[in-house]
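Novice: pasting the structure only:
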Ligand code: HSE
């Protein structure tokens, strides 16, 4: 099979290297803004108009021009394998429709969990059982930061700087530390597992920006660590409880042992039970490995990961949780109706709430100053 690669950055070059000596798959063309090999081009039409190319791998990232390139390739009947969680979650319906119309495949295993065979297995599990819950640690950068803070005693800023130097963080680390990278992986997981793609803006999403010594001391005093976790599970009447938030987890819990930039993604089937996948959630060869697996899936005739009855939904989040909330001292009254315990420490109001919904939390703290939120109980 002849294929093309869009974007010869870290992941794209990983795919290229993995396929270098492959006798079944030939990388015929590569699109990049810089051209230094004979098989390279800057023009998408060189790929779209090449009838010998059956499949296109996209490792560019971002929405533009990736969306336009994806549509052109799919409309021309070329299968599309992408690692781009932002593109796939934002343009899911449009891309799947284009693929269905031309009969091309659309697969995106590497968009969630990097090299972990999580999304692929989640999708396959549905043939055997109903998925009742999923989640975990889906972002390596924030796990690296949190592990460095809790295991190595680093401060948040130095840990973020190290994560950037090691190349774990996205170009703009905001999407890692504000939870958006995790959120997009969660949206795709829910779409694959439940046939429901939550609208991004309706999902509660709290990141680890601003984590400070007061929060770290609080967690340590409870013999716990903090991890950024994602969760998605069906609620009553066809609703979905979906969120991304830092969580307090006991030392000794599976999540607390996830070190450095490792991911820990899990799902639970109603009858088959819980399965967890742990490994490199990012990086050149692990992610490229998932892409090459998808290419072989297309060779075997697989066409889609999104279910045929995929719908767009709003996150409802009727489940209640206990939260820890740190806010400036002068905001102390915002949570008084929900407080189980409040104390003043280092100029901040620290509140442990009674069980409340994300909606109640949001309406109480919206517009407050420097705030840090932690789930105490899932
Ligand atoms: N920045 C992401 C992470 C890369 O740290 O997990 C993989 O999506």
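Specialist: Okay, I see it. None of these values were measured; they are calculated from a predicted model.
Novice: Could you use CA atoms for every contact and neighbour count after this?
Specialist: Will do.
Novice: Residue numbers of the stretch 151-300 of the chain in contact with the ligand?
Specialist: Proximity of the stretch 151-300 of the chain to the ligand is confined to 168, 169, 170, 176, 281, 282 under the rule CA under 6 Å from any ligand atom.
Novice: Where does the stretch 201-350 of the chain get nearest to the ligand, which residue?
Specialist: Taking CA to the nearest ligand atom as the measure, the stretch 201-350 of the chain has residue 282 as its residue closest to the ligand, at 4.3 Å.
Novice: Present the residues of the stretch 151-300 of the chain next to the ligand as a markdown table; the columns should include neighbour count and secondary structure.
Specialist: Shown next, in a markdown table, are those (neighbours: other CA atoms under 10 Å; DSSP: H, G, I helix; E, B strand; the rest coil):
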| residue | neighbour count | secondary structure |
| --- | --- | --- |
| 168 | 21 | coil |
| 169 | 24 | coil |
| 170 | 14 | coil |
| 176 | 23 | helix |
| 281 | 27 | coil |
| 282 | 27 | coil |
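Novice: Among the residues you listed, which has the minimum pLDDT value?
Specialist: Here the lowest pLDDT out of those sits on residue 170, with 70.
Novice: how near is it to residue 139?
Specialist: Taking CA to CA, to the nearest Å as the measure, residue 170 falls 10 Å from residue 139.
Novice: Quickly list what's touching both of those two.
Specialist: Both residue 170 and residue 139 are in contact with residue 176, where contact means CA atoms under 8 Å, 6 or more residues apart in numbering.
Novice: Show the residue spans covered by the strands in the stretch 201-350 of the chain.
Specialist: Secondary structure of the stretch 201-350 of the chain by DSSP state E, counting those that start in this stretch: the strands cover 224-234, 240-250, 262-269, 273-280, 311-313, 323-328, 339-345, 348-353.
Novice: Mean pLDDT and mean neighbour count for these - can I get that in JSON lines?
Specialist: Listed next are the strands of the stretch 201-350 of the chain as JSON lines, based on pLDDT from 0 to 100; neighbours: other CA atoms under 10 Å:
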{"stretch": "strand 224-234", "mean pLDDT": "98", "mean neighbour count": "24"}
{"stretch": "strand 240-250", "mean pLDDT": "97", "mean neighbour count": "24"}
{"stretch": "strand 262-269", "mean pLDDT": "98", "mean neighbour count": "24"}
{"stretch": "strand 273-280", "mean pLDDT": "97", "mean neighbour count": "16"}
{"stretch": "strand 311-313", "mean pLDDT": "97", "mean neighbour count": "15"}
{"stretch": "strand 323-328", "mean pLDDT": "98", "mean neighbour count": "24"}
{"stretch": "strand 339-345", "mean pLDDT": "96", "mean neighbour count": "14"}
{"stretch": "strand 348-353", "mean pLDDT": "97", "mean neighbour count": "22"}
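Novice: closest one to residue 11 among the ones you listed?
Specialist: Nearest to residue 11 among the strands of the stretch 201-350 of the chain is strand 273-280 (13.2 Å), distances taken as CA to CA.
Novice: mind showing which ranges of the stretch 51-200 of the chain have poor pLDDT?
Specialist: 171 (pLDDT under 70).
Novice: ok, which stretches of it are strands?
Specialist: 53-58, 79-82, 106-107, 131-137, 196-198.
Novice: Dump these to JSON lines, plus mean neighbour count.
Specialist: JSON lines is the format used below for the strands of the stretch 51-200 of the chain (neighbours: other CA atoms under 10 Å):
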{"stretch": "strand 53-58", "mean neighbour count": "24"}
{"stretch": "strand 79-82", "mean neighbour count": "27"}
{"stretch": "strand 106-107", "mean neighbour count": "28"}
{"stretch": "strand 131-137", "mean neighbour count": "22"}
{"stretch": "strand 196-198", "mean neighbour count": "26"}
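Novice: would you list those in CSV and tack on distance to residue 208?
Specialist: Below are the strands of the stretch 51-200 of the chain laid out as CSV (distance: least, CA to CA, whole Å):
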stretch, distance to residue 208
strand 53-58, 30
strand 79-82, 28
strand 106-107, 31
strand 131-137, 13
strand 196-198, 22
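Novice: that older thread, adding distance to residue 124, write the strands of the stretch 201-350 of the chain out as JSON lines.
Specialist: Listed next are those as JSON lines, based on distance: least, CA to CA, whole Å:
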{"stretch": "strand 224-234", "distance to residue 124": "18"}
{"stretch": "strand 240-250", "distance to residue 124": "21"}
{"stretch": "strand 262-269", "distance to residue 124": "12"}
{"stretch": "strand 273-280", "distance to residue 124": "13"}
{"stretch": "strand 311-313", "distance to residue 124": "19"}
{"stretch": "strand 323-328", "distance to residue 124": "35"}
{"stretch": "strand 339-345", "distance to residue 124": "43"}
{"stretch": "strand 348-353", "distance to residue 124": "39"}
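Novice: Out of these, which gets nearest to residue 5?
Specialist: Here strand 273-280 is closest among these (CA to CA), at 22.2 Å.
Novice: Relative to the whole chain's centre, how far out is that closest one?
Specialist: 15 Å (CA atoms, centre = their mean, to the nearest Å).
Novice: now swap in stretch 140-147 and tell me
Specialist: Stretch 140-147 sits 14 Å away from the centroid of its parent chain (CA atoms, centre = their mean).
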